[in-house]
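Q: Let me see the structure of the following:
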Amino acid sequence: MAVAGGGTIKDQPLLNWIEHREVFLLEMLHHDGRGDSSSSCSACGINPSLYCCKDCFMPMLSCQTCIVQAHTHLLKWNGKCFQNFTLRDLGLHVQLGHKVGKSCLLPNQAFNDNFVLIDILGIHSIAVDFCGCSKAQSHMQQLLRVGWFPVTTTNLRTAATFCILQQFHILSFESKVSAYEFYHSLVCLTDNTGLLKRKDRYDAFMCMAREYHHVKMLKQAGHGHDPSGILATLPGECAVLCLACPQPGKNLPNDWELAPKGTRWLYACFLAINENFRLKRWIVSKDAVDPSLSRGWGYFVNETTYKTYLTSHGMELQEKSTCASHNTMNMVETKSSKGLAAMGLGTIDCTCHNMKLPNGVGDLQKGERYALECIYQHGFFVLFSFTSPLSRKSVGQDGKPSRRLPAQLHNQNCSFFVPKFHLPAHIAKCQTAFSFNWSRWVRHTDGEAPERGWSNINPVASNDHFGDWNWKKVVNLGASLSCKMKEATLEKAAFHVAFEELNNALTEKHCIAWKAKVEKWEDNPNDAHVPNPFEPKSVVITQAGACLKLVQLEVWELERGVDVSLHPEVSPSVFVGLGLDLEEEQFMKSLSNHVTDTQKGNLLHQRNTLHCKIKSWRMAQALYMPVAHDALEEILQCLRIHSSLLTYKKDWVCGQGRNMRAQSALEQVSARQAACTAHYHASWGALNVLAKELGKVGWQGGLQFLEDGDIQPLIDPYAMPGQGGQKLLWIWRMSGVDSGGDGTDEDGVRVEWCKAQAREMRWAEEAKLLHKEMCHVLQFLWWQATWWDEQGNQHVEENEGCLEGIRAYAAKQGNICHTFTDHFQTLWVLSGADHTANLPDLSALPPPDI
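A: Got it, this is the predicted structure:
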């Protein structure tokens, strides 16, 4: 039999099967009801029928007494041992289209009387008789009615049970087992000797598994209940949605679009874009013979629309990164794509809950050339996080969406960020402008959600596996939101205390001015003329500057009437300066092999003079090293100088000689810092002993025991990522820490004050948004339960058994939603998390608009 496009049904089974998938879907739903069973037990006919066997062929409802008498496997004793024996060998013919034990007057044998059934216990050859009565169903429906899934719609000779297809479906999710491995395990289960030769049914099993998964997706999405049929399915309707994210019409109030600016962010969508160049797909078939079954109904975009867009934009050049070199992105155009249908995969994810969006997955045909227009997105306030430097090109120089993003996003309130792990690879300006840590209304999140899912998806990427990933996230929402709320409650309180300690240690004038700068920048994040308060000024200190700072410390001490000079001619600053000069004098030019006596004499004279200077310096050193006044304040000054010298050395010093001199300067500052630290420890120990003797309590006045980990600079040029969870050390929260003379100290404190305030705000936002997400989850489940109740009455079906199955499945899904609602509410209340008392009372809500 020929089909459109050439070939036969045997060559192109999918093209013919598509016309019959409505029947497959309805027959699968038929199994969710009682079917053709009567109210009395099928065995004794006396007791009520309440039970059925899942493993038996054409299971009929039985009573409790009769159901326990069911039997399965057949073995024959040959006089010495048991051996396998089939019912076909005994002459049994399986009759379809009639009740168990009834025969048909006009039976039709299977094609060539050679029917193969793939089941959990192996691959069986059986004799099948179809019903040939005038009112009989089609052979395809007769197989589906008993739970056998045929590979073709005509000339039926191979089928697989629903049980084996369901088992493979689950195993492919959990263990990523391939169809090849699974099928051949059944071959070995049937005959592990290899002596029994059977025709290979692997291709048939692959086809049945694919069709079964597709029909199961439609069933779970409720499209078997739609009277308009499968073809009325809209793009993305078969995807599992994120219950915690804002879903208009499902879990948001009717007036959510009119929310004021201060609460509008609670209805924001947090989306992340990422690419995976390891998920390559080879060209193994053509769309003409291997068509897409979903047509964009799930997570992948509509392939026809997608490729049409790529064709019309195929001449556009790939944009290169202007921020940081990224070989994966910049060199992708140079990689060979020969034999590949796709060079990778691009996804759009829910950043906060790590779920794939409907129509949020697309193949990368050449590099990062993919259609963002196909992304399903909604919401009034959208936040994108890009995991690759190239994706930063989606933001223009003014921080607004560029032409690469779809036109409908240009009118949305969009903010763009770079995930925290990827951020250090960007230039310094991007690390503050596109950081999740410092921007308002983005909660405490890292934006790395897509990266966490690749390990699960890399073995196999399909609509089914994306759906399973999303479903597991839905099931775990109760526990995950509970854990997040506990953490947010604790961190919110801790960072509030840390910020208040710092805020109280600073002058009110500075706090008011810095707060105004932060608010102005937050209100104008894309205005290049508004300075970013989180960016430190580029102030570095040279070696000469380090000596100047030491002299200024002495001036400050003398103005207070304190003279720490222990040598009549050598002040502390002169002492340090002499040390630096002596270090430089030791770098003398070496003499050549042929030198005169005069040159040798001059060299010896210079060495003798240097030895005398070093001897005098060491005498002064013995007086000055134990000296420390206001040890803690000097430690802070040393840390500031040390940090600035490090920055200067990192950016400007090159060459061995200059590096060694810079290192010597750093060692001098470190030596003074060590002396101050030792003096502080001695002073702390003495005061602690004295306080115990005098019975003094609360004498510390903010002072604490100085640990080695406490001695850290305010701004560390070599700081590692992870600033969102850092707390300011207590030595920088002492009163007067912002009173630097030249403004550099004030600038560093200003940056840390802004960061401390931002950390407190992010955790406060996290706690507030988590409560809102709990409300979203409960309201979505309530809406979905009501939707399923309505679906049970949508479909009009003449077959009573099929209609009951449709209603039973809808009732089961609605019950699952109610069960999840009760479970999540109980879990959140028992966890003791804040705000759970304010969760919505679903019984008081008006009916949703279906």
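Q: Next up, the contacts around the closest residue to G35 other than its chain neighbours.
A: Nearest residue to G35, sequence neighbours excluded (Cβ to Cβ, 6 or more residues apart in numbering): G801, at 5.1 Å. From N, CA and C alone the C-beta is placed, and that goes for glycine too. When contacts are counted by Cβ atoms under 8 Å, 6 or more residues apart in numbering, G801 touches 30, 33-36.
Q: taking those one by one, which sit in helices?
A: Among the contacts of G801, the members found in helices (DSSP state H) are H30.
Q: For the buried ones among the contacts of G801, write the corresponding ChimeraX selection.
A: The buried residues among these can be selected in ChimeraX (16 or more other Cβ atoms under 10 Å) with this line:
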select :30,33,34,35
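Q: which of the contacts of G801 lies closest to R145?
A: H30 (6.8 Å; Cβ to Cβ).
Q: now the residue nearest to G35, what's its secondary structure?
A: Following DSSP: H, G, I helix; E, B strand; the rest coil, G801 is assigned to helix.
Q: Could you check how far it is from L195?
A: 44 Å (Cβ to Cβ, to the nearest Å).
Q: cool, and R807?
A: Per Cβ to Cβ, R807 is found 50 Å from L195.
Q: So for those two, which residue has more residues nearby?
A: R807 (21 against 6; other Cβ atoms under 10 Å).
Q: For the nearest residue to the more buried one once chain neighbours are set aside, which residues are in contact?
A: Spatial nearest neighbour of R807, excluding adjacent residues (Cβ to Cβ, 6+ apart): G792 at 4.3 Å. By Cβ under 8 Å, 6+ apart, G792 lies in contact with 225, 806-807, 810-811, 814.
Q: what's the closest of those residues to W763?
A: For those, the residue nearest W763 by Cβ to Cβ is G814; the value is 37.4 Å.
Q: and the longest helix for this protein?
A: helix 744-791.
Q: list the helices and strands that one packs on?
A: The contact analysis (3 or more Cβ pairs under 8 Å, 6 or more residues apart in numbering; DSSP states H and E) places helix 744-791 against helix 477-505, helix 508-523, helix 631-652, helix 800-830.
Q: Out of those helices, the one nearest H213 is which?
A: Per Cβ to Cβ, nearest to H213 of the helices and strands packed on helix 744-791: helix 800-830, 17.4 Å.
Q: Okay, buried residues for the closest one please.
A: 801-810, 813-814, 817, 820-821, 824-825, 827-828.
Q: Give me the angle between it and helix 477-505.
A: 30 degrees (axes from the mean of the first three to the mean of the last three Cα atoms, to 10 degrees).
Q: and the nearest residue to K102 once chain neighbours are set aside, how many residues sit next to it?
A: Leaving aside its sequence neighbours, K102 sits nearest to Q95 (Cβ to Cβ, 6+ apart; 6.9 Å). Q95 has 20 neighbours, counted by other Cβ under 10 Å.
Q: contacting residues for Q95?
A: 102-104, 107, 129, 131.
Q: Any regions of the stretch 201-350 of the chain where pLDDT drops low?
A: Applying pLDDT under 70 to the stretch 201-350 of the chain flags residues 313-322, 324-337.
Q: who's in contact with the nearest residue to Y202 once chain neighbours are set aside?
A: Leaving aside its sequence neighbours, Y202 sits nearest to Y183 (Cβ to Cβ, 6+ apart; 5.0 Å). By Cβ under 8 Å, 6+ apart, Y183 lies in contact with 118, 201-202, 205-206.
Q: Based on its surroundings, how many neighbours for the residue nearest to K484 when sequence neighbours are not counted?
A: Among residues not flanking K484 along the chain, L770 sits closest, at 5.6 Å (Cβ to Cβ, 6+ apart). As a burial measure, L770 scores 25 neighbours (other Cβ under 10 Å).
Q: Next up, phi/psi of A341, please.
A: phi -80, psi -30 (degrees, to the nearest 10).
Q: element containing D464, please.
A: In this structure, D464 sits in helix 463-475 according to DSSP states H and E.
Q: Would you mind listing the buried residues in that helix?
A: 463-470, 473-474.
Q: before we move on, which element is the nearest residue in space to L252 that is not next to it in sequence in?
A: In this structure, L252 finds its nearest non-sequential neighbour in P246, 5.4 Å apart by Cβ to Cβ, 6+ apart. Under DSSP H and E, no helix or strand contains P246.
Q: Assess the claim that P246 and W265 are in contact.
A: No - in this structure P246 lies outside contact range of W265 using Cβ atoms under 8 Å: 10.7 Å.
Q: so is S294 in a helix, a strand, or just coil?
A: coil.
Q: quick one, what contacts the nearest residue to it once chain neighbours are set aside?
A: The shortest distance from S294 to any non-neighbouring residue, by Cβ to Cβ, 6+ apart, is to N463 (5.8 Å). Residues in contact with N463 (Cβ under 8 Å, 6+ apart) are 217, 238, 294, 298-300.
Q: who's in contact with the nearest residue to N793 once chain neighbours are set aside?
A: Once flanking residues are discounted, N793 sits nearest to R807: 7.6 Å by Cβ to Cβ, 6+ apart. Counting by Cβ under 8 Å, 6+ apart, R807 makes contact with 33, 792-793.
Q: ok, so of these, who is nearest L364?
A: Out of those, the member with the shortest distance to L364 (by Cβ to Cβ) is G792, at 41.8 Å.
Q: where does the closest one sit relative to G222, distance-wise?
A: 10 Å.
Q: By average pLDDT, which secondary structure element in the protein comes out worst?
A: strand 381-386 (a mean of 50; mean pLDDT, DSSP states H and E).
Q: Redo the contacts of R807 as JSON lines? Include pLDDT.
A: Shown next, in JSON lines, are those (pLDDT from 0 to 100):
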{"residue": "G33", "pLDDT": "77"}
{"residue": "G792", "pLDDT": "83"}
{"residue": "N793", "pLDDT": "83"}
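Q: want to try CSV for those, with distance to K176 as columns?
A: Output for the contacts of R807, formatted as CSV (distance: Cβ to Cβ, whole Å):
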residue, distance to K176
G33, 34
G792, 35
N793, 40
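Q: And the residues you listed, which is closest to K520?
A: Among these, and counting by Cβ to Cβ, the member closest to K520 is G792, at 56.0 Å.
Q: Any figure for the gap between the closest one and T786?
A: From G792 to T786 the distance is 11 Å (Cβ to Cβ).
Q: And for I230?
A: Going from I230 to T786 by Cβ to Cβ gives 23 Å.
Q: One more: A493?
A: 38 Å.
Q: quick check, L271 in a strand?
A: Yes - with three-state DSSP as the criterion, L271 is part of a strand.
Q: Surely it touches C350?
A: Yes - shown here, L271 and C350 form a contact pair, counting by Cβ under 8 Å, at 6.9 Å.
Q: where do the contact lists of those two overlap?
A: Contacts common to L271 and C350, judged by Cβ under 8 Å, 6+ apart, are L357.
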